[in-house]
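# pasting a predicted model and its sequence here:
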Amino acid sequence: MHAASRRPCSPVDALEPRDALGRNLTYGLLDSLGRRIVTGSYDRRPFPTEAQLADEYAVSRSVTREAVKMLTAKGLLSARPRQGTIVLPRSSWNLFDSNVLNWLLERKFSIDLLLQFTDLRAAIEPAAAELAATRADAAATTVIAAGFGRMRDAARGEDDPLESDIEFHVAVLHASGNPFFAQFKDVVSTALQTSIRFTNKIAGHTADLPAHEAVFQAIAEGDAPGARCAMDALIALTRRLIVKPPARSARRAPRGTRRAADSKVRTQRR
């Protein structure tokens, strides 16, 4: 091919679809298709056939067939004879699936979704904390203490604020002694990843340590009503930050506004 006839190659063009899937083609295709479904790529066009997917991604029919099966199990697709494969409405999606939750978070940010996560936490975590206060053994309490210790380190800039906060809350779920609550680990972790980033940015600091310490102390002392109440208060604090963020301080006001305010102060001083 002559140089004059070559088409400029963008970074996207340079990466073949198969290469973009990673080493495990089936899971790579699952992730690519799941993200495209959840973010609305197929809202106005039919879902491709297995043959079309095989051609588009340069993979075998067996890889596309397995990925479609996995998406069907997650409630995103329906594949039936003579009907073909169709994308199901959101009401059919398995929202407790960690993949589906992560794909949802890649959509445009939504306060409503954040509040729905908070509703879920409010229904689960206070009950888990109450059970933990009556059932947690020394080992489980030590894990909660370790999570809180990491949060204190994070407040000093010596640990990761997100990871330490999630470790604390997941430890409480496990300490409940109820395997069903423990199964909510991925859902709560995903909800926390979203809400913690949002609320920490609003509050201008990491997690509220006294509120978390109140939960830990109540569990350690075997105070079941106190543990529930403390976790309720902690999640209520999160909700307040989401629904009604604190007003921005004067130092964060737009530059022109600050200049006008400074001028007014100087005039008054004269």
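Done, it's in.
# and residue 86, which of the three is it?
Under DSSP: H, G, I helix; E, B strand; the rest coil, residue 86 falls in the strand class.
# isn't it up against residue 72?
No: using C-beta atoms under 8 Å, residue 86 is not in contact with residue 72, being 10.5 Å away. Heads up, the C-betas are built off the backbone N, CA and C, glycines and all.
# overlap in contacts of the two?
Between them, residue 86 and residue 72 share these contacting residues under C-beta atoms under 8 Å, 6 or more residues apart in numbering: residue 78.
# show me which of the two is the more surrounded one.
residue 72 (15 against 12; other C-beta atoms under 10 Å).
# what lies in contact with the helix or strand where the more buried one lies?
When elements are assigned from DSSP states H and E, residue 72 belongs to helix 61-73. Contacts of helix 61-73 with the rest of the structure, by C-beta under 8 Å, 6+ apart, involve 25-26, 29-30, 33-34, 37, 50-51, 53-54, 57, 77-79, 85, 94.
# need the next SSE after that helix, C-terminal direction.
Next helix or strand after helix 61-73 toward the C-terminus (DSSP H and E): strand 77-80.
# list the buried residues in that following strand.
residue 77 (16 or more other C-beta atoms under 10 Å).
# what packs against it?
Strand 77-80 sits against helix 61-73, strand 84-87, with contacts defined as 3 or more C-beta pairs under 8 Å, 6 or more residues apart in numbering; DSSP states H and E.
# nearest to residue 191, out of the ones you listed?
Closest approach to residue 191 among the helices and strands packed on strand 77-80 (C-beta to C-beta): helix 61-73, 22.3 Å.
# CA atoms of the closest one as CSV?
Below are the C-alpha coordinates for helix 61-73, written out as CSV (Å, rounded to 0.1, in the frame of the first residue of the first chain):
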residue,chain,number,x,y,z
ARG,A,61,-18.8,-18.7,18.3
SER,A,62,-18.2,-20.7,21.5
VAL,A,63,-16.8,-17.6,23.2
THR,A,64,-19.8,-15.5,22.2
ARG,A,65,-22.2,-18.2,23.1
GLU,A,66,-20.8,-18.5,26.7
ALA,A,67,-20.7,-14.7,27.2
VAL,A,68,-24.4,-14.5,26.1
LYS,A,69,-25.3,-17.3,28.5
MET,A,70,-23.6,-15.4,31.4
LEU,A,71,-25.4,-12.2,30.5
THR,A,72,-28.6,-14.1,30.4
ALA,A,73,-28.0,-15.5,33.9
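# that helix - what's its average pLDDT?
If you average the pLDDT over helix 61-73, you get 95.
# how far does it sit from the chain's center?
If you compare the mean C-alpha spot of helix 61-73 with that of the full chain, they lie 25 Å apart, counting by C-alpha atoms, centre = their mean, to the nearest Å.
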